[in-house]
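Asker: Return a 3D structure for these sequence lines:
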Amino acid sequence: MTGLLRHRARRHPRTWRQRAVLGVSCGLVVGVVATAAGLGYAYAKYSRLARVQLGSVLSDRPVASGPANFLLVGVDSAANLDEDDPVRAGREDVSGLRSDTIMLLHVDPASERAALLSLPRDLWVPLASGGRNRINAAIQTGGPEELIDTIEEYLGIPINHYVQVDFAGFRGLVSVIDGVKVWFDRPARDRRSGLVVEQSGCISLDPDQALAYVRSRHYETFSNGHWRTDPTGDLGRISRQQDFIVRALRRAVDKGIRNPVTLDNLVDAALETVTVDDTLTGDDIVGLGRRFRGFNPDELDLYTLPVDDDSVGGAAVLRLRDDEAQPILDLFRGTDPQALTPAGVRVKVLNGSGEPGQASRASTALVTAGFTSAGTGEAESFDIGRTVIRYTAGQEAAADLVARYLTNGAELEQVTGSIGADVVVVTGADFAGVLEAPRPSSSSTSTTPPSTTTTVGVTTTTVIGDVPQAPPTVGC
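Answerer: As a prediction, the model looks like this:
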C-alpha cells in the first residue's frame, strides 16, 4: 500500500537499559521478558513463560544481532484476577481477549537504540481477514495472528516477536518496584477506570491506582471548583502511558534492578502473566540483555501516530494521516537512512541573511545537486549568522544529508508543526554554496549537534492531552 503512514513523537533514544523492564498491560510497555536478559539464570526461568504459536506469521530476523520489532499488547482481560477484584466488575466475559494497548518496540543492538510506537486502539484499518474496523478489534476477530497480519499489511512494519501482558501482570510488576511516582498539580480522577487522586503533589501510585491511571481514557482534573475532562481521549491516554513507562523504568533502576534479588523478583512477577511467541529463545533474551545493559530510561524514543478524528456508522474512529507517517514508520520498517538520496528530499530555502537573491541561488544549487525544491522565501529576520537546517520528527536523515551538501555545513534544529517541506534551509551570513558531492556522514556539519537531535528518534513534540509533570525545580 502506498499512503499508509504518518507520525508523531517525542523524546530521544539511544540504548535501552534493563531492556524494557516494565511490561505493558493496558498501556505499559512490557519489555519484561527482555529484562531477564543479562542474567545467567535466564535460561532456567525462560521455560516458565507462557507461549502462543505464532511462528507461521512472524517475520524472521536474528534478534540478538540485528534490528527487530516486538509487538507489545496489553490485553483487556481479567482472567487472572481474583473473583472479588473490582476490575472484574461489570464484565460478563473475563477470559476473552481485547487489545487495550498496542505498541511496537524497535530494538537495534548495533546502535543500542530503542524506539516505542503507540498505535491508538481506535485507529481505523483494513483488517487482514477482510473488511475494516478499529485496530483493537483485530485480536478479537482472529487472535494475535490477525493483529500481526493487519499491522504488517497496513503499516508495512515486520513483526518479529509478540509479547502480551494482562491486568494481573501489570499490577504485579508495579508492586515489585513499590509503586511509581507521578506529580499531580491538582486532584485527578477517572470514574470509569477507578483513578482517584485527591490531592496535588508527588503521589506514589500503588498497583491498583497505577493500572487505573494508565487505563484512563476519561481523565479529569479539578480546578477552580470544577472538574475538567481531558478532551483528547485515547491520544491523551497514550501520552500518559508513555510518560509512565519512562517513570516506571527509572523507578526500576532506582530500586536496584541491577541487583540480582530485585531483578529476580521482577522477572518472577512478569513470568506469571506474560505470554510470548514460540520463536523467542533464551539466546535472544540473553543476547539483547547484554547489548542493552547500559540503557538510560530517558533515552527511550517515544512515538505516536498522527491521526484525525472521524466517525464510521456513528462510531468514533481515528484515521491515519498518510503523508505524515512515512518517516516514523520507515524507522520501524528498518528502512536504511543511508539509502536516502537527494531526489527523495524536498527542500525549502529561506533567506536569513538579507543578501539579495540568496534563497533563489541556494535553491537552484540544491536542485542541481539532485534535491527537490519546495519553494523559497524570506526568514523571520535577516540577521542569521549561522545557516540553519530545520526539520521535523523523522526527518533527521534528510536534514543530515542536506547539511553534508552545504559548503560550510549548518546547524541542525528540530521543530514541531508543519514546515511545508522535508527540511527548511535558512541561509545565514556564512552560507557559501552547495557541494557537488556530500561530505561523509561523520563530518556532516562543522558544529556537531548534540545526540538528542541526531538520533533516529525525535527529541520533543507537543504532548497530546493532560500529562502531569513536576515543576522544573521539583523532583518526583
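Asker: Check Asp190 and give its pLDDT.
Answerer: Note on Asp190: pLDDT of 95.
Asker: Correct me if wrong: it contacts Trp227.
Answerer: No. With contact defined as C-beta atoms under 8 Å, Asp190 does not count as touching Trp227 (10.7 Å). (Glycine included, C-beta is placed from N, CA and C.)
Asker: quick one, helices of the stretch 201-350 of the chain?
Answerer: Per DSSP state H, counting those that start in this stretch, the stretch 201-350 of the chain carries helices over the ranges 207-214, 233-254, 260-273, 282-291, 322-333.
Asker: Tell me the helices and strands packed up against the first one.
Answerer: What that stands for is helix 207-214. Here helix 207-214 touches helix 167-176, strand 195-197, helix 233-254, going by 3 or more C-beta pairs under 8 Å, 6 or more residues apart in numbering; DSSP states H and E.
Asker: Looking at the ones you listed, which one is packed in the most?
Answerer: helix 167-176 (a mean of 25; mean count of other C-beta atoms under 10 Å).
Asker: so it versus helix 260-273, what angle?
Answerer: For helix 167-176 against helix 260-273, the angle by axes from the mean of the first three to the mean of the last three C-alpha atoms, to 10 degrees is 170 degrees.
Asker: I'd like to know which elements helix 167-176 is packed against.
Answerer: Using 3+ C-beta pairs under 8 Å, 6+ apart: helix 167-176 touches helix 207-214, helix 260-273.
Asker: Between helix 233-254 and that helix, find me the angle.
Answerer: For helix 167-176 against helix 233-254, the angle by the same axes, to 10 degrees is 40 degrees.
Asker: Now do the contacts for the closest residue to Trp183 other than its chain neighbours.
Answerer: Nearest residue to Trp183, sequence neighbours excluded (C-beta to C-beta, 6 or more residues apart in numbering): Ala470, at 3.6 Å. If a contact means C-beta atoms under 8 Å, 6 or more residues apart in numbering, then Ala470 has Trp183, Cys202, Cys476 as its contacts.
Asker: How many residues are close by the closest residue to the second one other than its chain neighbours?
Answerer: Residue nearest to Cys202 in three dimensions, not counting chain neighbours: Cys476, with 3.8 Å by C-beta to C-beta, 6+ apart. Using other C-beta atoms under 10 Å, Cys476 has 15 other residues around it.
Asker: I'd assumed Phe184 was in contact with Cys476.
Answerer: No. Counting by C-beta under 8 Å, Cys476 stays clear of Phe184, with 9.3 Å between them.
Asker: what's the closest of the helices of the stretch 201-350 of the chain to Arg439?
Answerer: helix 322-333 (22.8 Å; C-beta to C-beta).
Asker: where exactly do the strands run in the stretch 351-476 of the chain?
Answerer: Secondary structure of the stretch 351-476 of the chain, counting by DSSP state E, counting those that start in this stretch: strands at 372-378, 388-391, 411-414, 423-427.
Asker: Any figure for the gap between Leu117 and Leu271?
Answerer: Distance of Leu117 to Leu271, given as C-beta to C-beta, to the nearest Å: 26 Å.
Asker: nope, Val57 is what I was after
Answerer: Applying C-beta to C-beta to Val57 and Leu271 gives a distance of 24 Å.
Asker: what does His218 give?
Answerer: Counting by C-beta to C-beta, the gap from His218 to Leu271 is 33 Å.
Asker: Between these two, point out the one with more neighbours.
Answerer: Using other C-beta under 10 Å as the criterion, His218 and Leu271 rank with Leu271 on top: 20 against 16.
Asker: Spatially nearest residue to the more buried one, not counting backbone neighbours?
Answerer: Closest to Leu271 by C-beta to C-beta, 6+ apart is Arg48, at 4.7 Å.
Asker: cool, and Ser311?
Answerer: Val317 (6.4 Å).
Asker: Pull the contacting residues for that neighbour.
Answerer: Residues in contact with Val317 (C-beta under 8 Å, 6+ apart) are Asp122, Leu123, Trp124, Arg134, Asp310, Ser311.
Asker: Could you do Ile203 as well?
Answerer: Ile203 sits in contact with Lys181, Val182, Trp183, Phe184, Val197, where contact means C-beta under 8 Å, 6+ apart.
Asker: Wasn't the third one part of a strand?
Answerer: Yes. When classified by DSSP: H, G, I helix; E, B strand; the rest coil, Trp183 is found to be part of a strand.
Asker: Okay, now the sheet partners of the strand ranked longest in the chain, with direction.
Answerer: Criterion DSSP state E: the longest strand present in the chain is strand 99-108. Strand 99-108 pairs in its sheet with strand 68-75 (antiparallel), strand 113-119 (antiparallel), by DSSP bridges.
Asker: Mean pLDDT and mean neighbour count added to those, as TSV?
Answerer: Listed next are those as TSV, based on pLDDT from 0 to 100; neighbours: other C-beta atoms under 10 Å:
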stretch	mean pLDDT	mean neighbour count
strand 68-75	88	26
strand 113-119	88	27
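Asker: Dump those into CSV; add distance to Ala325 as well.
Answerer: Below are those laid out as CSV (distance: least, C-beta to C-beta, whole Å):
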stretch, distance to Ala325
strand 68-75, 16
strand 113-119, 10
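Asker: isn't Tyr154 right up against Trp124?
Answerer: No. Tyr154 is beyond contact range of Trp124, at 10.1 Å (criterion: C-beta under 8 Å).
Asker: Tally up the residues packed near the closest residue to Val474 other than its chain neighbours, please.
Answerer: Using C-beta to C-beta, 6+ apart and skipping the chain neighbours, the partner closest in space to Val474 is Trp183 (6.8 Å). Neighbours of Trp183 under the rule other C-beta under 10 Å: 16.
Asker: cool, Arg48 as well?
Answerer: Count around Arg48 with other C-beta under 10 Å applied: 12.
Asker: export stretch 374-392 as CSV, just CAs?
Answerer: Output of stretch 374-392 as CSV, limited to C-alpha atoms (Å, rounded to 0.1, in the frame of the first residue of the first chain):
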residue,chain,number,x,y,z
ALA,A,374,9.7,23.0,-2.1
GLY,A,375,10.0,26.8,-2.8
THR,A,376,11.8,29.8,-1.5
GLY,A,377,11.1,32.8,0.8
GLU,A,378,12.4,35.1,3.4
ALA,A,379,13.2,34.1,7.0
GLU,A,380,11.7,35.8,10.1
SER,A,381,14.8,38.1,10.2
PHE,A,382,17.8,38.9,8.2
ASP,A,383,20.4,38.7,11.0
ILE,A,384,21.0,34.9,10.8
GLY,A,385,24.7,34.4,11.1
ARG,A,386,24.9,30.6,11.0
THR,A,387,22.9,28.7,8.4
VAL,A,388,20.2,26.6,10.0
ILE,A,389,18.5,23.5,8.7
ARG,A,390,15.1,22.9,10.3
TYR,A,391,13.4,19.5,10.3
THR,A,392,10.5,17.7,11.9
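Asker: Okay, buried residues for that stretch please.
Answerer: Ala374, Thr376, Ala379, Ile384, Arg386, Thr387, Val388, Ile389, Arg390, Tyr391, Thr392 (16 or more other C-beta atoms under 10 Å).
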